[in-house]
Every structure is written in structure tokens, then in C-alpha cells.
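> sequence and predicted structure are below.
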Amino acid sequence: MGSKRNKALQLIPELLKPKKRRIAYDPAQEPPQRRADVQSVYSVFHYNETELLEQQYSSIKDHQDLRKPGYITWINADGLKKEEVEQLCQAFEVHPLLVEDILSIGQRAKMDEMDNRMFCLLPMIYFNNTAACIEFEQVSIVVGENFVLSFQEDATRDVFDPLRHRLRSGGQRLRERKADYLCYSLLDVIVDSYFGVLEKLADKIDEIEDALLADRDATILASISHLRKEVMLMKRSIAPVRELVGGFLRTGNQLVESRHEKYFKDVSDHIIQANDTCENLRDMLSNLQDLYMNRINLKMNEVMKIFTMVSLLLAPATVIGGIFGMNFERIPLLHDQRGFYISVAAMLLIPLMMILYFKRKKWL
Amino acid sequence: MGSKRNKALQLIPELLKPKKRRIAYDPAQEPPQRRADVQSVYSVFHYNETELLEQQYSSIKDHQDLRKPGYITWINADGLKKEEVEQLCQAFEVHPLLVEDILSIGQRAKMDEMDNRMFCLLPMIYFNNTAACIEFEQVSIVVGENFVLSFQEDATRDVFDPLRHRLRSGGQRLRERKADYLCYSLLDVIVDSYFGVLEKLADKIDEIEDALLADRDATILASISHLRKEVMLMKRSIAPVRELVGGFLRTGNQLVESRHEKYFKDVSDHIIQANDTCENLRDMLSNLQDLYMNRINLKMNEVMKIFTMVSLLLAPATVIGGIFGMNFERIPLLHDQRGFYISVAAMLLIPLMMILYFKRKKWL
Amino acid sequence: MGSKRNKALQLIPELLKPKKRRIAYDPAQEPPQRRADVQSVYSVFHYNETELLEQQYSSIKDHQDLRKPGYITWINADGLKKEEVEQLCQAFEVHPLLVEDILSIGQRAKMDEMDNRMFCLLPMIYFNNTAACIEFEQVSIVVGENFVLSFQEDATRDVFDPLRHRLRSGGQRLRERKADYLCYSLLDVIVDSYFGVLEKLADKIDEIEDALLADRDATILASISHLRKEVMLMKRSIAPVRELVGGFLRTGNQLVESRHEKYFKDVSDHIIQANDTCENLRDMLSNLQDLYMNRINLKMNEVMKIFTMVSLLLAPATVIGGIFGMNFERIPLLHDQRGFYISVAAMLLIPLMMILYFKRKKWL
Amino acid sequence: MGSKRNKALQLIPELLKPKKRRIAYDPAQEPPQRRADVQSVYSVFHYNETELLEQQYSSIKDHQDLRKPGYITWINADGLKKEEVEQLCQAFEVHPLLVEDILSIGQRAKMDEMDNRMFCLLPMIYFNNTAACIEFEQVSIVVGENFVLSFQEDATRDVFDPLRHRLRSGGQRLRERKADYLCYSLLDVIVDSYFGVLEKLADKIDEIEDALLADRDATILASISHLRKEVMLMKRSIAPVRELVGGFLRTGNQLVESRHEKYFKDVSDHIIQANDTCENLRDMLSNLQDLYMNRINLKMNEVMKIFTMVSLLLAPATVIGGIFGMNFERIPLLHDQRGFYISVAAMLLIPLMMILYFKRKKWL
Amino acid sequence: MGSKRNKALQLIPELLKPKKRRIAYDPAQEPPQRRADVQSVYSVFHYNETELLEQQYSSIKDHQDLRKPGYITWINADGLKKEEVEQLCQAFEVHPLLVEDILSIGQRAKMDEMDNRMFCLLPMIYFNNTAACIEFEQVSIVVGENFVLSFQEDATRDVFDPLRHRLRSGGQRLRERKADYLCYSLLDVIVDSYFGVLEKLADKIDEIEDALLADRDATILASISHLRKEVMLMKRSIAPVRELVGGFLRTGNQLVESRHEKYFKDVSDHIIQANDTCENLRDMLSNLQDLYMNRINLKMNEVMKIFTMVSLLLAPATVIGGIFGMNFERIPLLHDQRGFYISVAAMLLIPLMMILYFKRKKWL
Ligand SMILES: [Mg+2]
Ligand SMILES: [Mg+2]
Ligand SMILES: [Mg+2]
Ligand SMILES: [Mg+2]
Ligand SMILES: [Mg+2]
Ligand SMILES: [Mg+2]
Ligand SMILES: [Mg+2]
Ligand SMILES: [Mg+2]
Ligand SMILES: [Mg+2]
Ligand SMILES: [Mg+2]
Ligand SMILES: [Mg+2]
Ligand SMILES: [Mg+2]
Ligand SMILES: [Mg+2]
Ligand SMILES: [Mg+2]
Ligand SMILES: [Mg+2]
Ligand SMILES: [Mg+2]
Ligand SMILES: [Mg+2]
Ligand SMILES: [Mg+2]
Ligand SMILES: [Mg+2]
Ligand SMILES: [Mg+2]
Ligand SMILES: [Mg+2]
Ligand SMILES: [Mg+2]
Ligand SMILES: [Mg+2]
Ligand SMILES: [Mg+2]
Ligand SMILES: [Mg+2]
Ligand SMILES: [Mg+2]
Ligand SMILES: [Mg+2]
Ligand SMILES: [Mg+2]
Ligand SMILES: [Mg+2]
Ligand SMILES: [Mg+2]
Ligand SMILES: [Mg+2]
């Protein structure tokens, strides 16, 4: 029994006390300066059709000339420090309300426009294989004339590598187009990365399904419940991304070239698809839970019925034993040589007749 | 018992481990070149009111003159090879984003317009009678001035045969009209084919209903659960087709003649009807499951009650047997000649009185 | 017990295997020629303010002059034959797509306009009192300048008699107005007839409620489940009629006089009311089912508890009997004259003390 | 136990067979002449800023001059007779379709405009304290230039008394304004009266909550179920009133002065609030039901477990008693002086050890 | 066991009878004069870019010059007295319908405009840590040209302190802008304060989750049920705030400067986020309840099964004891020296064989 339990725990290792995630964020307070001790990294790409300049700074303070005429500039900030983010945003004339959003955490995805800057904020989602849970990193993107700023909390990971690779290798459209195409490309890789996470979740569901068909360990239920929580969280997180992409499609802002609209439409298709997949996964988990509970119930009913029945079939023997164990002076059969055999035969025959009767009554 | 189980399994043969279907598709990666080993088939129809030319190629490379002035051209590609699809699409000036969609798999149905090409993508659905499950094949349709391209993954089957037959036999309207009417006709036969699948699903539900009324085998529940999954999958797959057809109705594109709108409206009616039918089927399955669980519960309650009661009715006999089986020196009745008979009578009468009391209390 | 079961069965007579109804219709195939053997009946009314001409034909073929200048013409076709319907429709210039709809079966209610013909299709619903289920007959209505065509499948019944009566008796508004008012009148009597069916369903629910409060026969649950299926079917069938009537209200078509809009609005009110009533009935059935299951559960719990308790209260007697039934050489009290009475007293007192303890613990 | 049951029954006195209410109304038939035997009362108010004339008629026939130039006229008809209603409506040029609505019963609330008459129809709702159920009275209101007609079924009660009082005491705004303000005032007192009913329902819920925390009588469940039915009925009845008030806000009809719109908006706020309150009450009842069922289940589980356990703990004694009650010639300990005590000690010690083991296993 | 119960009760201290809150408010009656005995406080701020004048009055009567040219005036009324509120509102030309709203209690949040006054009304929400429940205070805000009035019921607390602090310390934007910005700032601190309450609710849920994983005390269920009620109440209360803020965004009123729209948009973001958080909390609580009930059920099933099984395994011993305890003259083995040992061995071996059989049948 222990080994079965272990197997289920293996599915969802840290099940009983998952890593705490913030449930509600409190915008009333200024967000704390984010890890002043952590080293921030600012990766700057200046590029046009023919050239690509790539730089890395550990601080924004000493580098005042962040824009380069004739180039599209992409600055990716990894690890957010309040003053530096504010300084960078001031340099690119980003409204303080947007800075507040960039510095906040755990926000709902959204798209905004202010003072000819397009802004969006959405989660990058990673699958933590060890804890079988999803993890979030908020990324904020600011688009202006010829520049894109992206802000990430965690310097150790993001999903932009394919994009960097395409930039460096002179990816056809990407290098020729304006900043809005870069913004599209960032959204595209983020949304595409959701499908990898969904695939992992689907795999976990498959593992549980297999485990379910093999045994009936109680931890399976907890695994299903845990996974459903993750799927719901995923759904809640990516649902507003649809509206975000819609924001780019509906904006009349000339920062978005009309020939690029079809690309944003393509991202829109994908995020709708991701939402659908979430619902499919949730359905599958509900289905699994129903199936599990029904299996448990049917099995328990079956077992209880058999136990009760066996118990019942033994009862006549007890009664007969009691009858002939009484100490009355005169009891029939007691002195008969066949008496004992008759009584034991009755002990066997009565249950047999009961079985036949129950079978005819369809109770078995 | 074994035979009953077999009967239920016969309903849904491969129940315990159905053929895996992809749950989540991952658009982040380029779709793999599709079965380079499989022979692709390109069926080309050139037709107008008076003539029909029909050709088949195994490769697109050698045939550059795919369009024929004065004719409507329908090219149906069976079995997709990346390079050939790209080559064909380039010849007909189809946008790369659409090519990406054609080459992807497991996508949600949708309609799109790009560069004066109308595009749609939807599932053909087949019912696999052996596994009692539905199977999908994605079909992509591109409509341009005087041509229609259709792309299918699986060369072994489609639902277009009635249409081919009508083309060859000079079907009245079909041969006289433009490419949009051919597109309508393709959508029509696809949507019509959904009803065949729904009919099959309804038949399976009927079989389960009959089985349910006859016995109470535990696999019925799994069959219901399985079929509901299929119905939900069906519903999810065809729900976006409604919007797809709406796309053709709302488009201002002159590729769609206004006198053909009523035909698309007719397809729209059918897909709404198909959606309704899905919901009816799901309701019926929920109903069946409720009925099944209730039957099980009522039966189990009834059986348990009777067992408990019989068990209880035997208890007095045990007690009386115990009383007169004690070895006290002085026990009343023990030396009475009628003692034994009195005690056995009590063993019978007390349960009888209990039964009468229970009946009066409505516990039986 | 048998009589109770019979009583419930009386509520829903053919419960266990209701008359099959088509679940999914298949528009892919040409509808079969409808009962070529059945005699079709064409009732023709030509009327104006002052005159009414009434005729009946058994075939449409010999009667080419179906319209009569200066008169409104209403042709009601009972029993559909494919060629005759097509011939009649051609005579009145009805589009082939509408003919296809007229000849199909089991369609969702809808309203359409094509080539200056207004078309609608909706179910007439009858209550089959014997089977306690609802039955459908599809009626298609075509309205043109000065004529109305109505098509019914079943020649044996419809709900138009009050209308015919009003026509013949010179019903004030009906005879003075145009074809659209006749169409309104047809819709009105159809929608009004829904309420009669709803009333019958409500009566059945009331019967079940009474049965539920009187006994707890298992077939009540099936009756509830059956009725809910009927109510849902009713709801699904009449829900789209709302949109149908809306179609007449929104159409700019001059076939609908503006002074008649209020009449269509009145039908619209009624169909909304009918929808509401369906939801009320469904709620009542859900409520009944909950109540029933809860009654069963509470009763079962109560019974099981009492049985278990009585069983438990007898246990001490068994133990004491066992103790003094042992054959040890030296057992206290065995040779005491009061021994037997002490032990029997213990057999009575211990259960009594248990009852008192349980009562104090609120377990009873 | 009887007294507890009585207490719960006291909550909802006529629970088991509440007064029948019409579920579905049948507009197909002419509504029956409403209680020709009942005396109708027509209260007529003619008022302007300075004067108020109040009259009562028992019949409308003899009083042809129902309007009075320079005055606003409010005629309230209590107890509807078909001919008189038709006559009154004809005098004020009310369309026959509206007359049909006035004479019907059990209709859904709605607002309508016809021939420069504004019409609305909504329920007055009363709380029947004896039966703990809500009761309806349909009130129809017709507004025209300088007059308001109101029609009620039941002459014995309405909610207009505060309004009559305000009219008579020269209520500031009411006497100065036009007929639309009177109509607003009628709607306002009707909607305000809903809150009194909701308050009563909330009180009943509170009573049940208290009863629930005190005992676990089975009728509580029925009370909850009954109250939920009432709340749902309330919700269904007042939900369309929102749209009704919206009708007055959206109408372009000059009968509604623009400076009075804010008053209708105020009624609109209240009806939204009443709807919200209904949902709150329904939630509270669902919550109570869940709590109740869970309490029952937990208690039953607890009781069953303890009974089963006690039963189990007595089992070893039975076995040991059986062992040493066997009649073998040679049984160890039988002739030992301590034999009896050893066996009885075992009867006590084994259950004790079982208890310790179960406690360690957390089964207790 | 007592200590566990105490621990759970500690979570939700006044669980069994929470402080009554009004469920339904009754606008039909004039709200009672609000605590004539309570001292009202009127805090008046006159400010512009350069100056801030702060005053406190205990009554509004003696101070007629409440506006100060060239200054923005904010009057916050704490503790509402009917006459004084009416007097103050008359001084600022606030419509009587709004005064009625200000004086009412327990209203749904809403935004309104009348006679160039913008009005809104929403709850401030506090978390009562002792009773683990939320508490409401209705705040009404009136905005006009250069003034803002705010009305609160409870003089002892509000959430405006950060704002007062910013005003006094010369908060940059706040002092330069018009009255609409002050209104925005009031809304912002109110909405921000919701997140603090949500955080507290989330903490309570976490406590329950920990308690759930540690024990299975029945009061956990009540705690979950109680918290869900609080969360639902929170959700219902803040849901209409979204529409309220939307009112300020959609109004064309020039009282709202267009450059301030983004600030209202920011509040709108936050209230959407708060709504989302409420749904997350509700989901978590549903999840916890499911998990709890499932744990209880599985544990109970497990325990019952083991008890039943042990009971069953002892049954053969009882039977064998009965058999050899019968007093027949001739019973095999009785005089055999090994008889007793054989029978006791059977008592042990039969249960052992039963265990093996059950294990093979997977019933254990
Ligand atoms: Mg703030
Ligand atoms: Mg990162
Ligand atoms: Mg993508
Ligand atoms: Mg699988
Ligand atoms: Mg795409
Ligand atoms: Mg793509
Ligand atoms: Mg991509
Ligand atoms: Mg194919
Ligand atoms: Mg079709
Ligand atoms: Mg059937
Ligand atoms: Mg059609
Ligand atoms: Mg068709
Ligand atoms: Mg077709
Ligand atoms: Mg008919
Ligand atoms: Mg009608
Ligand atoms: Mg009834
Ligand atoms: Mg009407
Ligand atoms: Mg009517
Ligand atoms: Mg009628
Ligand atoms: Mg009345
Ligand atoms: Mg009011
Ligand atoms: Mg309370
Ligand atoms: Mg108000
Ligand atoms: Mg008011
Ligand atoms: Mg149970
Ligand atoms: Mg009022
Ligand atoms: Mg306060
Ligand atoms: Mg804020
Ligand atoms: Mg946690
Ligand atoms: Mg913000
Ligand atoms: Mg903010």
C-alpha cells in the first residue's frame, strides 16, 4: 500500500503543501523596491535591416544615449529596481501610471495606451516539473516610435530566446519592420509558450488517468484537485490576454501598421485556442474526478454488500448453535445419533437457500 | 456476470484505453514535415458551364500551369508535404500566415481573409465504429478569383464524393457559378456530414439506454462517461464553425456574390442545428448517468436494508439461545418439559412482532 | 407494494420505453418522398372582406389557377409529396432552398426571407396523454403578396381550426387585412397552443408531487426524469420561435404592414411567457427530484440507525449469555440461586444504560 | 420528537400542500368573465395643483364624463368585469390588444406603447404570513394625456394607500405634475412594496437558520426547499420589471417629461436592488441546505461509526464465550481455578487493545 | 478532541451566530433620523496649488459660507443627521433624489448624474478580525464645480487618511487639479482598501487549508461555509463598483477633464482585479470544501470497511464455538484429545483464508 501511495506522490511531488503564491495583490501600497541586492541586467538591441548592435548594462544610470537614430531599439530589463525603472521610463516618456503597473506584481493581463505609448502587461508562464505546478513571471512591454521596452522580474529566465536568435541571424521580416512588429513577435513567443505549459498539464492528466485505471489510492483525488487548481489558474491568467491582443487590433494608433494587423490577428487565434484547451483540460479533470469517485463508490458498495451478505449467511449457524446449546432437559434430536449432523446440515442448507432466494430476487 | 460485462464492453470496445488524441497543439514549433513517405495526391478539376477537365498529379512540381483561363479551378491536395504546399500556395499568392495554418494540426475552426484570398479551416469528422469515438481530419480551404484550393491531411478519405459526382454529372447550379459557390458546396457537404456522426452518437446513446434498463453493470457508467467526452469534443469542434460561416456572410469581399449569401445562410442554419443536437445529446447522457446512479443507489439501499433487517430478526434467537445456554444451577423453564418449545417459539415470535412493529412504523 | 408501483406507472404509462423520436436530422440526404401512399389534402381559401371561397383538392396537378385576383389566398397542404410541394412552390415562386426546408423534418424553428417571400418554419406541439410525452409536427409557412402557403406533415391534426372558424364566420379584422395578418394569426394560434401543452405538463408535475408526498416508490424518480426530458425538449423547441417572431418584427419587408407590428409583438410576448413557464416547470422538477432524493436518504438513514442501534442493544445479552455459558469449573454466581436473574437483569440494564448514554450524547 | 416537528411546522405552516398557484396561463382562450358576482369598485381622482375631486362608482356604465378638462384623472378599477373594462378602455381609446392583456392573468411584467397610450403590467406581491408564501395580484396601468387608468383583480387590497394619502394631503410634486409622474409614483410604491416582502422572506430564513443550529428535524429541509421556491418565484416575477421601467426610460414618447426621467431611473435602481436581494436570499438558502445536509451526514457518520465500533468491541467477548462454552472433553484452563477470570479479562483486554490500535491508526 | 475543536473555533470565533447584517433594505420608508444623539463631524478642506485651509464643525447650521472662491472645497460629513444633510445638499444644489440615496443604507454601488452634479455611492469595506467577517460603511460622494462632498455613516473610521496626508503635505498632482481629481483619489483609496480585505480573507483561507491538512474537525466545514458567504458578500458588494467607475469614464460631463480619464481607467483596472480575486477565493473555498468532504468520505469508507471486515473475520469463531457448544449426545471430535485445538485452529485458519481470498479479489 505504501508503494502505491509513493507512486501517486511521485505524480505530484509537493502536493501537501505547494509553494505559496500570492493570491491577492495590494495596489494600495507602493510595491517594495524589488531585490535591491539582485543584479539587474539591461540588454539593448539596436537594429535595422542591415545592422544589429547588442549591448548589456548592469545599470541604466551611466548610459544616457539609449536611442539610436535610424535603428529600432529594444531594451529588455531583467530584475526591476524602482529608481532605475522610473529613470528608464522617464527617458522614454512613459506615463507614471504605467510605471506603477510595471513595478506592481501579480496583475491581470491588460493593454493600455497613454501619450502615444502602447503598453501591455501579461504573464509568462512556466511549468515547474518538480512541484507539478505553474509559475508566473509578469512581463510589461512598452512600444513607442522605433523602440520597445520590456520589463521582467526574474533575470534567470524568459521565453525570448527564439526571438533573440532570429534577430541575430537576420530573421527576414523581423529586422525590416517597425517596433510594432517586434512587439507582435514578443507577444507571439509568449503566447506560443503557453501551449508548452498546456501540453505538460495534459501529460500530467494522462499520468493520473493511467494511475486511476490501475489503482484507487486516495492521493489521486488530491492530485486531480491540485491539477484542476493549476488549470483554473492558467485559464484565469490567460483569459484577459485575449482582450489585450484585441486592444492592439482595435487601436487606431498609427504605431501599429495596418499590414501588421494580420499578425496580431494570428496571435489572437492562438490565445483563443489556448483558452479552449484550458477548458478541455478542466473538463477532462472533472470527468476523471467523477469517474474516480464513482469507481470508489461502486467498489465500496460491492465490497460492503458481500461482507454484509457473508455475515448474514453465517447468522443461521449461530442461531442453530444457540438453540442446541441450550441446557433444557428435553430438547428434540439431542439424543438422536444423527442430531448433530442434521443441525450442521441445517447450518449449511439455510444459507444455501438464502443465496438461491437472493439470486432470484436479483439482490446479488 | 462475465457475459454482462462483455456485453457492455461490446458497446464501447476500446473503452479502457482509447486511441490517444492530441489535446493541446503547440504552434511554437514548426509543424513536422508531414509524412514525407506518404504519397501525396493532387486532384485538379477545371470546369465551366460546358466543360469539365479532371486530372491527378502525384507532385505539384512539374505542373506550373495550374490555372486555366475561362475555367473555375479546384485543386484538392490530399496528404500534405511542407514544400509542395508552400509551392502551391505561392503559385496562388496565399499569404505565409495562411500556409502556416494549413500546415498546422488540431486547430480550432476559423475563417480569415488576407490579400483578396478567403481562407477557412474546419474539421471533417468521422465516426470510428470500432472504437466508438470520433476522429478528426483538418481541411483548409482557400478561395480566390476563379479558384478553390482544399488541403487535407489524410489521403484515404474525405466527404467530398457527392460533390465530385455532381460536378461530373453536370450538377445544374454548381457548374454555372463562381468559385464562392464551390466553396459553399464544400462547406455544405462537410457540415451535412456532421449530422451522420451525430446520428451515430445518438444510436450509441440508445444502445446504452437499453443496456441500462436491462442490467446494472458498472461499465455502463464508463460508457456514458466516454460518450459524453466524445459529444463534448464534437461540440467544441463544431461550435466555432458557426462563426466561420458567419465570416462568409459578413465579409464585404466581392469574391462572395450577393445572390449566394442565402446558400451560406443555409449552411449557417445547419451548423446551428448541429450545435443544438450536441446539447441534446449531452443532456440525454447527463440524464442517463443520473438515472443510472440513482438506480444503483436505490437498489443498494434496498438490498442493504433487507440484509440488515434479516440480520436483526435473527438477533433475538441468538440472545435467547445464549440465555438458556448459560450454566446456572437454577434457570427457570430448564426442567420444564415445554421449556425448549417455549424458547424456540419466542425465537420465532419476537422477530414476527418486530416485523409488525416496523411495518406500522413504515420502516419496511 | 405492487399497487403503488402500478399507481406511479399510471402517471407515466409508457415510461420504460417511450416512443422513439428522431434526435438528429440528417440534411445530407434528400428527404424521402413522404408517404406517397398517404392521400394529400390541399385546402384552399380565397377570401376578401365580402367573400369567402373554400375548396379542397386531393392533388395540385390539375389546378393551375391557384391565385384569384382581388382575394387573399391561403393554401394549406396536409401530407407532403415531394413533387407536388415543388410544383406548388414553383407556381408561387418560392426559392428551392425554402422548398428543401419545407420537405425536411425535425428542423429548428426559424424565419427567412428570399426573393420577396417571407418564410418561417416552427413546430406545432401536441401532448400525447397516453404516453405522457409531447409530439411534434413541423409546419412551414410562406407569405407573399396576397397569399399564404402552409405545409404540414400530418393530415390528421393541426391547431388551425379556430382560425378557419373565424374566417368562415367573417372574423372582423382577419377578413379585411392582408396576407401578413393571416400569417400573424397562424403564428398566434400555434404559439397559443403551446400553453395548453405546458398546462398539461404542469398537471403531470402536480400529480407527481402528490404521489411523492404519499409514498416513495422508486418509479417516481423515473417519472420526474422523464418529465424533465419532455420539458427540456419543449424548451429547446420553442426557444428559437422567439427569434422567428423577432424576424417578422425586424424585417423591413413591406409585406408586413407597420400597423400589424403590434400583433407580432403580442405573439412575441406570448412566446417569451411560454419560455419562462418552461423554466419554471424545469425548476419545479429539479426541486421535486431533490426533495425525493432527500426524503429517501433521510428515511434510509433513520431506518439504518434504528436497526443498527437495536442490533447493538442486543449485543450485551449475547456477551453475557456467552460468559455464563462457558464450561469453566468455577464460575461466580453459577451456583447462586439469584445468578440467572442477575445475569438476565444485566442483559436488560446494560442496553437501558446505553440508551440513556446515547440520548445524552444526542446520538438518538 | 413530536414537539420539534411541531416547531418546524410552525415555521412553514401549510407546508405539505401549499395553496395552488397557476403555473402556466393559457392565452389561447378568452379569459373568463371575472367574477361577475363580485362588486367592482371604480375610484376616480380628478386633481390639479389646487383641487382634488374624489369619487367612487360601482359601475362604469352610467358615468360617461370620465375626463375633466384641466385636471389629471386617475381611475383605479378594482375587480375586473370584461364588458366594463372594455367599455372603460374604449372611452380612453386603449387598443384591444392591451385590453386583452388587462383581462388576462398571471402574465409576465412588461411595458408597451400603442396609439399614444403607454401601458404596463406588473405584479403586486404580498406575503401571506400564515402559509409563508408569496401571493400575486396583477396590476395594469395605462397612461395617456392627462389620465392614468389602473386595473386590479382583487378589490380587497393594494399598495396604493400611501399615494392616495399624498394626493389628498396635497403632496407637493405629485399634484403639480402630469400623468407620467403619477404613473412613476404608482410604479414606485409597487416596487418599494417588494422590499417589505423580501424582508419577510429574510426573516423566515433567519428563523430556519436558528432552528437549524438548534435541532435537526427533517422538516427543516422541506422548509428550506419551500422558501427557495418562493424566492425563485419572487425573482422570476420581478426580474422583467427592470425591463419594464427601462421601457419608460427609453421611450421617446412625449408623455414622459424629460425632467421626470430621473424618477424612473430611481425606480430602476430599486428594482435592480430587489433583484440583487433575491439572489442573496437564494444563496443563503443554498448555503443553509448544504450546511444542513452536511450536518446530517457528519452526525450520521459519527453515530454509525461509534455504533459499529461498540459492536466490534463486543465481538471478542462473544468469541471467547463461544470457545469456552464448547463441550470438548479436554479444554485448557477449564479446570483451572483462575480460568474464568482469565477469559473474562481477555474479553476486556482485547477490546482495550483494539481501541489503542485504532487510536494509533487515527480511525477514532 | 476538545482542543482541536477550539483551534477551529479560534479561526472563526463568533461562527455560530455572526453579527446580524441587514439583508434587504426597505426604501419604502423614510430612513430613520440617524442617531440624533451621535455627534456629527464636518471636516472642511479648502485648497488650491498654494494654500490649504482645514476646518472642523460639529454642525452645519452656523456656517453658511461653505464655498471659497479660488479654492477646491472638500467637505466630509461623518455621522449623518437628516436635517443637516438636507441643508448641506441644498446649499450645494444637490437633487432631493440624491439626498434620499445619501440618507439610505445598504444600497448597491452606483453612479449618477443630476443637474450638473455627479454622484456616486459605494461601500467602504473593513475586515473585522475578531468575528472573521467583513463590515460595510456606505460612502456617498457628490462632485460639482470646484467642490466635493463625501458622506459617511460612521464617524469613527474611514480609509481617507492617506489622502488627507497627501493634501496636507502638498501632494503634487492632487493640489493642482480640479474637483474630479479629488473624486478620483477618493475612489482610488476606497478601491485600494478592498485589496487589504481580500488579503485578509485569503489569509483565513490559508489557515483553514492548514487546519484541514492537519485534522478533520467538523467545524472546518462551517468555517469554509462562513468564509464563502463573506467572499460572496464581498463580490456582490464590489461588482457594481465596476459600472460606477465606468460611469465616470463614459460621462460626457465636462466636470471630468479628459486628461483625468486615464486615472479613472486605472481605478477601473483595480476593481476588475478585485473582482477576479474574489472569484479566485471562491474557487479556492469550493475546492477546499470538496477536498474536505472527500477526505471525510474516504476516511469513513476506509474505517467502515475495516470494522466490517474485522467483524466478519470473527464470525467463523462464533459459529464454530456454537457448533461445539451444542449439547448433542454424539458430536464428533468432542472426545478427541485434539478436538479443542482443531476447532480453535479452524477459528484462526478460516479468517486467514478469508483474508487471502479477499486480497485476491482486491476487496482489501
Ligand atoms: Mg493608489
Ligand atoms: Mg525573466
Ligand atoms: Mg503564435
Ligand atoms: Mg488518455
Ligand atoms: Mg495562424
Ligand atoms: Mg501562427
Ligand atoms: Mg510563432
Ligand atoms: Mg482526407
Ligand atoms: Mg447543408
Ligand atoms: Mg431511447
Ligand atoms: Mg435550409
Ligand atoms: Mg439545406
Ligand atoms: Mg446539402
Ligand atoms: Mg397536421
Ligand atoms: Mg397569442
Ligand atoms: Mg402543487
Ligand atoms: Mg398581449
Ligand atoms: Mg394576446
Ligand atoms: Mg390569440
Ligand atoms: Mg387589489
Ligand atoms: Mg422607490
Ligand atoms: Mg442569521
Ligand atoms: Mg434613489
Ligand atoms: Mg428612492
Ligand atoms: Mg452513503
Ligand atoms: Mg418612494
Ligand atoms: Mg466613516
Ligand atoms: Mg488604485
Ligand atoms: Mg495554500
Ligand atoms: Mg494601474
Ligand atoms: Mg494604480
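Looks like it came in fine. Ligands and ions are numbered 1, 2, ... in the order given.

> ok, whichever helix or strand residue A:211 is part of near ligand 2 or not?
According to DSSP states H and E, residue A:211 maps onto helix A:179-214. No: against ligand 2, helix A:179-214 shows no contacts by Cβ under 5 Å from the ion, the least distance being 11.3 Å. Where you see a C-beta, it was placed from the backbone N, CA and C, and this is true even at glycine.

> quick one: distance of that helix to the chain centre.
Distance, stretch centre to chain centre, for helix A:179-214: 9 Å (Cα atoms, centre = their mean, to the nearest Å).

> got the buried residues for it?
Across helix A:179-214, burial judged by 16 or more other Cβ atoms under 10 Å in any protein chain shown covers A:179-202, A:204-205, A:207-209, A:211-212.

> next: stretch A:44-54.
Result for stretch A:44-54 [16+ other Cβ under 10 Å]: buried residues A:44-47.

> pull the most distant pair out of these.
Maximum pairwise distance among these (Cβ to Cβ): 10.3 Å, between A:44 and A:47.

> what residues are shared contacts of the two?
Shared contacts of residue A:44 and residue A:47, defined by Cβ atoms under 8 Å, 6 or more residues apart in numbering or on different chains, are found at A:53, A:74.

> toward the C-terminus from the helix holding residue A:211, list the very next helix or strand.
helix A:219-250.

> measure how that following helix sits relative to helix E:179-214, angle-wise.
In terms of direction (axes from the mean of the first three to the mean of the last three Cα atoms, to 10 degrees), helix A:219-250 departs from helix E:179-214 by 160 degrees.

> now the residue in the stretch 251-364 of chain A that ligand 27 sits nearest to. Its backbone dihedrals?
Of the residues in the stretch 251-364 of chain A, the one nearest ligand 27 is residue A:251, at a distance of 41.5 Å by Cβ to the ion. Phi and psi for residue A:251, reported as degrees, to the nearest 10, are phi -60, psi 140.

> quick one: low-confidence parts of the stretch 1-150 of chain A?
A:1-38, A:64 (pLDDT under 70).

> how about the strands in it?
Assigned by DSSP state E, counting those that start in this stretch, the stretch 1-150 of chain A shows strands spanning A:41-47, A:52-57, A:72-78, A:110-114, A:117-128, A:133-144, A:147-152.

> and ligand 2, is the last one touching that?
It refers to strand A:147-152. Yes: with Cβ under 5 Å from the ion as the criterion, ligand 2 is reached by strand A:147-152 at residue A:152.

> list the buried residues in that strand.
When neighbours are counted by 16+ other Cβ under 10 Å, the buried residues of strand A:147-152 are found to be A:147-152.

> for residue C:86, state which of those residues is nearest.
residue A:148 (64.2 Å).

> distance of that closest one relative to residue D:183?
60 Å (Cβ to Cβ, to the nearest Å).

> one more: residue A:339?
From residue A:339 across to residue D:183, the span is 99 Å (Cβ to Cβ).

> try residue A:279
47 Å.

> the spatially closest residue to residue A:304 that is not a sequence neighbour - how many residues pack around it?
Closest residue in space to residue A:304, ignoring its immediate chain neighbours: residue E:308 at 6.7 Å, by Cβ to Cβ, 6 or more residues apart in numbering or on different chains. When neighbours are defined as other Cβ atoms under 10 Å in any protein chain shown, residue E:308 has 19 of them.

> ok, residue E:308 - contacts?
So residue E:308 contacts A:304, A:307-308, A:311, D:308 (Cβ under 8 Å, 6+ apart).

> 10 Å - rerun?
Shown in contact with residue E:308 (Cβ atoms under 10 Å, 6 or more residues apart in numbering or on different chains): A:303-304, A:307-308, A:310-311, D:308, D:311-312.

> who's in contact with the residue in the stretch 201-350 of chain A that ligand 5 sits nearest to?
Taking Cβ to the ion as the measure, the stretch 201-350 of chain A has residue A:266 as its residue closest to ligand 5, at 4.3 Å. By Cβ under 10 Å, 6+ apart, residue A:266 lies in contact with A:184, A:187-188, A:191, A:245, B:27, B:97-98, B:100-101, B:112.

> that one: helix or strand, and which one exactly?
Element membership for residue A:266 (DSSP H and E) is helix A:261-324.

> what about that helix, near ligand 4?
No: contact of helix A:261-324 with ligand 4 is not found when judged by Cβ under 5 Å from the ion; the minimum separation is 8.4 Å.

> any idea of the angle that helix forms with helix B:261-324?
Using the same axes, to 10 degrees: helix A:261-324 against helix B:261-324 is 20 degrees.

> for helix A:261-324, what is the average pLDDT?
Confidence over helix A:261-324 (mean pLDDT, whole number) is 85.

> that one near ligand 3 anywhere?
Yes: judged by Cβ under 5 Å from the ion, helix A:261-324 and ligand 3 are in contact via residue A:270.
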